[in-house]
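In: Predicted model, plus sequence, below.
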Amino acid sequence: MPGTIAAGAAAPTSFGTQSPASLLEGVNAAICQHLGIRHLGHKSALLEIGQRNAFPAGTVDATYSRIASNWQLCRQAGIGSLSAANWRWRVPQLAIAAHNTSPEVRLERALIVASERLGRSDWSNQVPVASGVAGAQAERRRAIDLVHQRGPGHFELVELKVASDTPLYAAFEIIGYTCIWLLSRLDLSAPDNPLLTAQAIDAVVLAPTAFYAPYRLDALRLQLHDDLQRLGHEHGVALSFRFEAFPDHLANPPWTDEQLAHLLDSRSAI
């Protein structure tokens, strides 16, 4: 059965009648149009935004509206089926291919391996969010880097960055996933899923200090937090946004388990 928009939430804008190939189809364009920039991932765009006196409100709403419209088109067309793996909790992914040299993937896996060795059960990784929604083979690799359970009904969704993209791009990656979380709750087929029944979600970008250094982020951070908090209130849940940093020397190996645990537990807000 197609999902419906939660009571109190704004109905999505209609963007057409063709079923999208992805829940995030058109999202970057909608964000760029709202912000008046050409490319979401370009450093120049964030540097220019940092020179403004204020960051425009409503960009999170534009993001949610586009994703919600894509969601309803897919569900109404009956082209996909939600994977049972979506929003799974505590299925740590520990292996990494020998040829995978991505700094982010290496650090992500190392963090989870260290957590497992230390007997921790509050962190997991590679949590799928949209597999099957836009078609049987669609978005099977779209997943949240890290998920942290802060307490009963309270989780952090973490976008990990080391040497790619910008804070603006990363912010809307994790905000987009948070919007998908809001919509996924409407199609809840597993009422015992602790992630989908959570009442508080923190959207977090986590990166080395140097990742943030060139940019002025205060107005961006505050507005994204306010917009996301308001969207959550409309859906009856608590949402927040923040940038967090860890020391630059921990961006690359070698690591000890204790160093990695310290990274997870001593993140500093930007």
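Out: In hand now; what should we look at? What you see is a predicted model, and the numbers here were worked out from it, not measured in a lab.
In: What segments of the stretch 51-200 of the chain are helices?
Out: For the stretch 51-200 of the chain, the helices defined by DSSP state H, counting those that start in this stretch cover 59-77, 103-117, 167-184.
In: right, and the ones you listed - which one's nearest residue 227?
Out: helix 59-77 (3.6 Å; CB to CB). Placement of C-beta: from N, CA and C, glycine included.
In: Tell me the secondary structure of residue 249, please.
Out: helix (DSSP: H, G, I helix; E, B strand; the rest coil).
In: comparing the helices of the stretch 51-200 of the chain, which gets the lowest mean pLDDT score?
Out: Across these, helix 59-77 has the smallest mean pLDDT, namely a mean of 92.
In: Give the other helices and strands that that one contacts.
Out: Applying 3 or more CB pairs under 8 Å, 6 or more residues apart in numbering; DSSP states H and E, we find helix 59-77 packed against helix 27-35, helix 167-184, helix 218-235.
In: residues making contact with the shortest one?
Out: This points to helix 27-35. The contact list for helix 27-35 (CB atoms under 8 Å, 6 or more residues apart in numbering) reads 38-40, 45, 49, 56, 58-59, 62-63, 65-67, 172, 176.
In: which of these lies closest to residue 217?
Out: residue 49 (9.3 Å).
In: Isn't that closest one up against residue 55?
Out: Yes. If you go by CB atoms under 8 Å, residue 49 and residue 55 touch, sitting 6.6 Å apart.
In: Mutual contacts of these two, please.
Out: Counting by CB under 8 Å, 6+ apart, the residues touching both residue 49 and residue 55 are residue 220.
In: got the contact list for residue 169?
Out: Counted by CB under 8 Å, 6+ apart, residue 169 has contacts 40, 41.
In: Quick check, pLDDT for residue 209.
Out: Per-residue confidence at residue 209 stands at 97 (pLDDT).
In: Can you tell me, leaving aside adjacent residues, what's nearest to it?
Out: Closest residue in space to residue 209, ignoring its immediate chain neighbours: residue 245 at 4.5 Å, by CB to CB, 6 or more residues apart in numbering.
In: and that neighbour, what helix or strand is that in?
Out: Assigning secondary structure by DSSP states H and E places residue 245 in strand 238-246.
In: buried residues in stretch 32-47?
Out: 32, 34, 35, 37, 40, 41, 42, 45, 46 (16 or more other CB atoms under 10 Å).
In: Surely the last one forms part of a helix?
Out: Pointing back at residue 46 there. Yes. Assessed by three-state DSSP, residue 46 belongs to a helix.
In: is it true that it touches residue 167?
Out: Yes. The criterion here is CB under 8 Å, and residue 46 meets it with residue 167 at 6.5 Å.
In: Quickly list what's touching both of the two.
Out: Contacts common to residue 46 and residue 167, judged by CB under 8 Å, 6+ apart, are 215, 220.
In: starting at the chain centroid, how far to the helix or strand bottoming out on mean pLDDT in the chain?
Out: For the chain, the helix or strand with the lowest mean confidence is helix 59-77, at a mean of 92 (criterion: mean pLDDT, DSSP states H and E). Chain-centre distance of helix 59-77: 16 Å, with CA atoms, centre = their mean, to the nearest Å.
In: angle of it against helix 27-35?
Out: Helix 59-77 runs at 150 degrees relative to helix 27-35, counting by axes from the mean of the first three to the mean of the last three CA atoms, to 10 degrees.
In: hang on, the earlier thing: how many residues are close by the residue nearest to residue 209?
Out: Neighbour count of residue 245, defined by other CB atoms under 10 Å: 18.
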